[in-house]
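Enquirer: Sequence isn't available, so here's the structure alone:
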């Protein structure tokens, strides 16, 4: 594992050391990226002799040098659709806590423990809160989770089970973030909000390494990613750039398709209007609770990545999302999360409108297991007379 | 992959060919085991060059020769407890559909498709029904699932999502089994009830191969298995015998600890009374819905295995089960299923009473993810003022 060389601001390139735990850039409030000296890991020889660990820690040569707080996250299955072998589903529901959030929180809590942080706080749309609670429990760190009061029941139950201090807020993740910001100093909480510390994105970048390794160290034509806070998409792009620097992959990077819900589509709107950042989306409402992020902190990075990749941003209605859950359940035997179904539905739409061809090789992320949305899906099934 | 040599009755050793799909032994109604000629797979050279597939299909040399219906089941993590490295948790919640039932249904639907079966029916305590629905969808087979009306909501939601024909029954799995038995002929359903066909146990035996491989081809001192129908425990024992025949493992086989719930403990009772089979357990009631099997079809095999291994059968109350869920959530960052918690609680008890020592190396199976028990856990958390 490499030592961290420095932290670099994603917006103004300001640098800071990683000797102490840091939040955002003190100059411009941009998100910090972790930078290493990767020179000793260059070339396919290192790539082809990665540790055969069945978790994201197989990528230890490109992760910080610290003792992992792990629950066996990552190295999730990638499966070809039964109806089109060019459509590959990356099943993040196999992670601990049932979602991709495990990757970010594993690395984040690894570093919190490394730094000796004793209390963390997180505003969450649901699954990050659950993952934070689990990894904090594993690390012996006190966790304070703030979530909207109408998150899926699974997120509430898991936070309690993991012994986190849970507060349900009458509002959205943005309201939760305000509470954390206002109380963190007094309470001695370290704020592990999305993209307000550098390590969650660093954990999630492993999805980029994994999908490329699982495709035989080749890029797919496109990657579909359910985009709430956008950390997964941002992390994968960072991974692609690193892998190219390392000489582990080459060729045309995939089109990055950011998938939102019509009921909360700040990034889609900004993209459509040609803007560089989003505006607070009003009256956000969607059954894909993980996409209910009205103003992502890293919106400027998401928009950059999508444009540079030649991808797009696209939204689906809740009815389209539910239809895709039914479609994948009945035809593939896979129970998607509503967020994952926003991505599978987006694929269908981009085939329909000719943006992609059926012969294009695409990776679609199911960011979480449908099993965490039992209450939500039950309501939808009844409303659609599927019962 | 080997051809099946024959099917052998587990009770009277009667043999039948596997050329057509079969249920139980026509002579004594015992469960059939699949037997192969394994001579060409003997020795550590084969063992050490298994296909590096990250699923249970890495054991294809000891599975039937047919095209797998797979959703990437098996090869689940094994994790040391943070409090005692001799306690290893086998996390079956990472499977498709969130439980170990995926292994059995993957192999069962593989063979159903191989035989050209078009409709299957299954009585289930919950998770087998969900797995049957998922793998039947993947195989393009029509599934009819019968479950008690008070199974966790997750099991109902998943069966609907996978497009199965679901019937909720005012009764237990034994009542569901009666309905399947009475209607199957007329409806043209193939009955895939627990241990009434030979392939579910054959899929679940992969847990035995896996835990031994993950321990470096060595046996642990004991294996704790939540026991409703008992197929997992029975399958692992079959695996151990096969592995010894193959020369893949040697030494003392582990003590097999069958873990039941006090509210439904037919096997514990039979074991305590020195009997060879169980009696129908009256008024079965436990929050560990998967253990709510009042008269397991393979009770005689479970009791045999436990006795031969020098193990035991032990029951936990719902309060003990819930306490162990809290314990593992708060101290390990793992959300156990109630069935899994019956096994972790059993471990604590057997340490307490001296049956095992803390230095014994044990594998405890968490047979499913806690995420499928959100509604059940929510009620328990409220009752115990954990909220």
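Expert: Thanks, I have the structure now. Please read these numbers as outputs of a predicted model, since none were measured by experiment.

Enquirer: So which bits of the strand or helix carrying residue A:45 are buried?
Expert: For residue A:45, the element it lies in under DSSP states H and E is helix A:44-47. Buried positions in helix A:44-47, judged by neighbour count with 16 or more other C-beta atoms under 10 Å in any protein chain shown: A:46-47. C-betas here are computed from N, CA, C, even on glycine.

Enquirer: Give me the contact list for that helix.
Expert: A:61, A:217, A:246-248 (C-beta atoms under 8 Å, 6 or more residues apart in numbering or on different chains).

Enquirer: now, which of those residues lie within helices?
Expert: residue A:246 (DSSP state H).

Enquirer: got the domain boundaries for chain A?
Expert: A:4-56, A:78-99+A:199-383, A:101-191 (automatic domain parsing).

Enquirer: ok, the contacts of helix A:44-47 vs chain B, which is closest?
Expert: Chain B has its nearest neighbour among the contacts of helix A:44-47 in residue A:217, at 16.2 Å by C-beta to the nearest C-beta.

Enquirer: Please tell me the pLDDT value assigned to the closest residue to that closest one other than its chain neighbours.
Expert: Counting by C-beta to C-beta, 6 or more residues apart in numbering or on different chains, residue A:217 lies nearest to residue A:249, which is 5.5 Å off, once chain neighbours are set aside. Here the pLDDT value assigned to residue A:249 is 98.

Enquirer: Same check on the one 4 residues further on?
Expert: Reading off the confidence values, residue A:253 has pLDDT 98.

Enquirer: name the element it belongs to?
Expert: Going by DSSP H and E, residue A:253 is not part of any helix or strand.

Enquirer: rewinding a little: what's the next secondary structure element after the helix holding residue A:45?
Expert: Downstream of helix A:44-47 (by DSSP H and E), the next one is strand A:78-80.

Enquirer: touching chain B at all, that next one?
Expert: Yes - using C-beta under 8 Å from any C-beta of the partner chain, we find that strand A:78-80 touches chain B at residue A:79.

Enquirer: Please tell me how far the next helix or strand after that strand is from the chain's geometric centre.
Expert: Proceeding N to C from strand A:78-80, the next assigned helix or strand is strand A:87-91, under DSSP H and E. Between the mean C-alpha point of strand A:87-91 and the mean C-alpha point of its chain there is a distance of 15 Å (C-alpha atoms, centre = their mean, to the nearest Å).

Enquirer: For the following helix or strand past strand A:87-91, buried residues please.
Expert: Using DSSP H and E, the helix or strand that directly follows strand A:87-91 along the chain is helix A:101-115. The neighbour-count check on helix A:101-115 (16+ other C-beta under 10 Å) flags A:101-114 as buried.

Enquirer: now swap in stretch A:319-337 and tell me
Expert: A:320-337.

Enquirer: which ones among those residues come in contact with chain B?
Expert: Okay, of the buried residues of stretch A:319-337 touching chain B (C-beta under 8 Å from any C-beta), that's A:325-326, A:329-335.

Enquirer: Closest one to residue A:145 out of those, please.
Expert: Taking C-beta to C-beta as the measure, residue A:145 lies nearest residue A:335 of these, at 25.1 Å.

Enquirer: got a list of what residue A:131 touches?
Expert: A:96-97, A:99, A:101-102, A:104-105.

Enquirer: Between the two ends of stretch A:216-226, how far is it?
Expert: End-to-end span of stretch A:216-226 (C-alpha to C-alpha, to the nearest Å): 24 Å.

Enquirer: No more questions from me, cheers.
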